[in-house]
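>>> prediction below, plus the sequence it came from.
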Amino acid sequence: MDKQWVFALRLISLLILIAGAILFLNRITWLVGLLLISALIVYILYPLLIYLKKKFRFNHGLATAFVFLLFLLFCTFVVSLLVPVVYYEINELVDSFPHHLVRIQEVLSWLTQQTIALDIEDEVRGFVVSISENMHQALEYLAEASLFLITGTVDFILVLFLVFYLLYDFHSVRAQFIDLVPPGSRSLAKEFLHIVDTNVGTFIRGSLLRCLIVGVVTGLVLSIIGMPYVLLLGVLAGIFNFILYLGPYIAAVPAVLLSLSPLTPSPLLIIIIYVAIQILDGMFLAPVVLGRAVKLKPITVIVAILAGGSLAGLLGMVLAVPVAGMIKGFIELIKRDPAYDN
């Protein structure tokens, strides 16, 4: 009975500890988000730091300062060149939005009449009619963008500080994590950490490359056919494309709505372009670039994305590939254990 009571007390203490940790993390989600973003940036930059130390014999402090300076120059380049143009296009879009809104409402009214004439289900008609209301709600969100811009600027400055110190102490943090593991299991912990680093870091870099290609291709093609706001639409395509397969369709919505104006190319042409880019991304970029990044076959990547989407929605689709890569690495690690053969 004493052993049962001890076990029960330990179990209750563990549950209380877990609940307290979850509550604590829920209270500091803002800080956790900043740390996560900073860690992802460090995963991107850290291979360059290692390359400088090995190739050019930089000491750790000099390599960290050089890599961080390159990161600052890149951020400055983006802010000074890309942001003003996107800001100008957003202002131009806001100024001309009443004209686009009238045209869109005319199209939606025509669609509503067609659904009534075809005697389509009430749910479908309600969905078509609600699009206009959702657009007004989207405008309210745009009105709050200035507040998000201010808080985002503060967060960006904090991320810069976190990136510098995490980049400098990244090796020490890893070493301290390994020191927490019992001595007999430290070699296994090192391999475990290497698997996580490889899959997370390479997946992020592969995703950024893929999003850059999709954003540039989208902007160039839209520019060729005479579509306005090509830089803004290209940036949206690149950002949303981080969500595998589904992202391009989300990014296509504003382009299709803008194409309803008589001064823009045909909506059918816009849809064809985005579908073609989606085919390029789904059949070549995502399986090949990301599959090679985490050493997975294209069919494994596709199955992992579908499974992740079924289990956890959009977040599951984003995390499915690195998780699949880590699972594959863990299985290979277990197979290399001598006990596996016995």
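Nice, thanks for sending it over.
>>> burial measure for residue 255, as a count.
Using other C-beta atoms under 10 Å, the number of residues around residue 255 comes to 25. Every C-beta, even on glycine, is put in place using the N, C-alpha and C of the backbone.
>>> repeat for residue 58
Residues near residue 58, counting by other C-beta under 10 Å, number 17.
>>> got it, and residue 11?
Residue 11 sits with 10 neighbouring residues when counted by other C-beta under 10 Å.
>>> look up how far residue 20 lies from it.
The gap separating residue 11 from residue 20 is 15 Å, by C-beta to C-beta, to the nearest Å.
>>> what's the burial count for residue 52?
The number of residues packed near residue 52 is 19, by other C-beta under 10 Å.
>>> kindly provide the distance from it to residue 206.
Distance from residue 52 to residue 206, by C-beta to C-beta: 22 Å.
>>> equivalent analysis for residue 213, please.
With C-beta to C-beta as the criterion, residue 213 and residue 206 are 11 Å apart.
>>> give me the more crowded residue out of the two.
Between residue 213 and residue 206, counting by other C-beta under 10 Å, residue 206 is the more crowded of the two (21 against 18).
>>> where does that one fall, secondary structure wise?
Remark: residue 206 resides in helix 186-224, with elements defined by DSSP states H and E.
>>> run the chain-centre distance for that helix.
Put simply, helix 186-224 sits 10 Å off its chain's centre (C-alpha atoms, centre = their mean, to the nearest Å).
>>> ditto for stretch 82-94
Put simply, stretch 82-94 sits 23 Å off its chain's centre (C-alpha atoms, centre = their mean).
>>> what does stretch 180-200 give?
Centre-to-centre, stretch 180-200 and its host chain are 26 Å apart (C-alpha atoms, centre = their mean).
>>> run through who's touching that stretch.
40, 43, 174, 177-178, 294, 322, 325-326, 329-330, 333 (C-beta atoms under 8 Å, 6 or more residues apart in numbering).
>>> as a markdown table, those residues with distance to residue 155 and secondary structure would be great.
Below are the contacts of stretch 180-200 laid out as a markdown table (distance: C-beta to C-beta, whole Å; DSSP: H, G, I helix; E, B strand; the rest coil):
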| residue | distance to residue 155 | secondary structure |
| --- | --- | --- |
| 40 | 14 | helix |
| 43 | 19 | helix |
| 174 | 26 | helix |
| 177 | 26 | helix |
| 178 | 31 | helix |
| 294 | 29 | coil |
| 322 | 24 | helix |
| 325 | 29 | helix |
| 326 | 28 | helix |
| 329 | 33 | helix |
| 330 | 34 | helix |
| 333 | 37 | helix |
